[in-house]
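[1] only geometry, no sequence info:
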């Protein structure tokens, strides 16, 4: 099963995950990171800034989970722009080594295959950061997504568009389609870190961790992965039936095991 780590705050989660990323980059300077967007991973990126001072990140590579279809890559809410602003520039990464799926309409028919090929050519993703939506989606893999799915175009459900409307002037401006890494793609990363904060994510977290493995809750796919670490605050952990066990197991974990 996934390892569940319950922390006091989103900032504490960011510190924990950032430490693991620094260890990875130190051991492997050309590490491949899977980058998520949205508010959930921000504490990780913020915690990385001081920790990467003096660390050579010139060879670090990265792949974003998703992108909107048909959005101008220079639009402030394109995931290319968001990754550049929140990750590439603050951490001093080489923008040529950080990739997002190509959402251009002209090439969308083969953009998924192109992205899969680029990930494979990089040797696969070493550490994938994930959030989880209120519908249980990871990446933009909405309920009903196949666990074998690869990078492809998806239609966003209304709940996800409503959730993302806060980044736009109105929900009408949120694109209807996206291109996202599939669940099968995500499950091939060597280490998954799923983060969730706040009571609004509690039901999705409980379903993903303790519920049945079902395409109705795409986040439950993490139960099929051999190395998943779920990092949540107390509010997001509030519906976990075995929260006390998770706390006990983490508090008594041998130090040599790491995360």
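    It's in. Only a predicted model underlies this, so the values are computations on that prediction, with no experimental measurement involved.
[2] and residue 104, what does it touch?
    70, 73, 111 (C-beta atoms under 8 Å, 6 or more residues apart in numbering). The C-beta positions use only the backbone N, C-alpha and C, and glycine is treated the same way.
[3] what about 6 Å?
    By C-beta atoms under 6 Å, 6 or more residues apart in numbering, no residues touch residue 104.
[4] where's it relative to residue 70, distance?
    To residue 70, residue 104 is 8 Å away according to C-beta to C-beta, to the nearest Å.
[5] Then residue 116?
    Distance of residue 116 to residue 70, computed by C-beta to C-beta: 21 Å.
[6] Residue 246 now?
    Distance, residue 246 to residue 70, by C-beta to C-beta: 42 Å.
[7] higher neighbour count, the two?
    Counted by other C-beta atoms under 10 Å, residue 246 and residue 70 do not tie: residue 246 has more neighbours, with 20 against 13.
[8] Leaving out the residues flanking it, which one is nearest to that one?
    residue 4 (3.9 Å; C-beta to C-beta, 6 or more residues apart in numbering).
[9] Specify the local secondary structure of that neighbour.
    Following DSSP: H, G, I helix; E, B strand; the rest coil, the label given to residue 4 is strand.
[10] Test my guess that it contacts residue 245.
    No: in this structure residue 4 lies outside contact range of residue 245 using C-beta atoms under 6 Å: 8.6 Å.
[11] Looking at those two, which one has more neighbours?
    residue 4 (23 against 11).
[12] Could you give the number of residues near the nearest residue to residue 240 once chain neighbours are set aside?
    Setting aside the residues directly before and after it, residue 240 is nearest to residue 206 in space (C-beta to C-beta, 6+ apart), at 5.4 Å. Counted with other C-beta under 10 Å, the neighbours of residue 206 add up to 20.
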